[in-house]
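Student: Give me coordinates for this.
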Amino acid sequence: MTASDPQTESDRTQPEGLTGILDALAAAITQARAMPMSSSVLVNRAELLDLVDQARDVLPTQLSRADELLAAADAARVAAQGEADAIIAAAHQRAAELVEVDAVTEAARGRAAEIVAEAEGVAEGLRRDADDYCDRRLADFEVDLERLLTQVGAGRAKLAARLGGGPEDRSGL
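Tutor: Numbers count the residues shown, from 1 in each chain. This next block holds a predicted model:
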């Protein structure tokens with residue numbers, strides 16, 4: 001989009017999520033009209049600032065989604081721990097009942113150990129899966145944020161270069 005070809009409000013679509021906003025920013029810069037004999041381009045300042053504002057608006061939503069995912073994973077971990085504790089308690093109770101009979105005592109101890117090991121394995125697997133899921137979601141969010149920061153930094157650097165000053169010289173913005 002160039003300064004001489006502004007979009008109307010009806011032409012503008014609202015991008016979906018942070019990734020959509022970043023894609024819209026990249027498209028606006030990619031499609032901008034090039035300056036003759038320069039690597040600089042003319043962009044619609046209002047459009048880009050609108051997209052940056054949308055990104056700022058979406059970030060709290062994305063952060064609260066990440067918080068919700070972490071809370072859900074923690075709840076799953078707590079539920080798995082509760083289930084594991086119940087299995088362990090049942091195993092201890094069953095083992096105590098079997099202690100009364102000498103011939104069965106050894107078999108009961110072996111089975112109790114298997115149940116405890118199985119319960120601990122299940123609980124550990126659930127914890128690991130919940131932690132892996134949270135880590136993947138946070139990594140995706142981190143990538144989105146890094147991409148946004150890179151694009152914003154590149155845009156600011158181009159603007160600063162075009163204005164003939166460093167990042168501190170914002171008199172032309």
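Student: C-alpha from now on. contacts and neighbour counts both.
Tutor: OK.
Student: now the strands for this structure?
Tutor: For the chain, the strands identified by DSSP state E occupy 33-34, 41-42, in order along the chain.
Student: Can you add mean neighbour count, mean pLDDT and distance to Ala73 and give the ones you listed back as JSON lines?
Tutor: Putting the strands of the chain into JSON lines (neighbours: other CA atoms under 10 Å; pLDDT from 0 to 100; distance: least, CA to CA, whole Å) gives the following:
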{"stretch": "strand 33-34", "mean neighbour count": "16", "mean pLDDT": "87", "distance to Ala73": "47"}
{"stretch": "strand 41-42", "mean neighbour count": "18", "mean pLDDT": "85", "distance to Ala73": "46"}
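Student: Kindly present those strands as TSV, with separate columns for distance to Gly82.
Tutor: Putting the strands of the chain into TSV (distance: least, CA to CA, whole Å) gives the following:
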stretch	distance to Gly82
strand 33-34	61
strand 41-42	60
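Student: out of the ones you listed, nearest to Asp57?
Tutor: Taking CA to CA as the criterion, Asp57 comes closest to strand 41-42 out of the strands of the chain, the separation being 25.5 Å.
Student: Tell me the neighbouring strands of that closest one, and mark each as parallel or antiparallel.
Tutor: Strand 41-42 has the following sheet partners, assigned by DSSP bridges: strand 33-34 (antiparallel).
Student: May I have the phi/psi pair for Asn44?
Tutor: Its backbone dihedrals place Asn44 at phi -80, psi 110, with angles given as degrees, to the nearest 10.
Student: re earlier: to Gln54, which of the strands of the chain lies closest?
Tutor: Here strand 41-42 is closest among those (CA to CA), at 21.1 Å.
Student: by contact count, what packs against the top helix by length along the chain?
Tutor: Among the elements of the chain assigned as helix by DSSP state H, the one spanning the most residues is helix 102-163. Using 3 or more CA pairs under 8 Å, 6 or more residues apart in numbering; DSSP states H and E as the contact criterion, the elements in contact with helix 102-163 are helix 17-30, helix 45-98.
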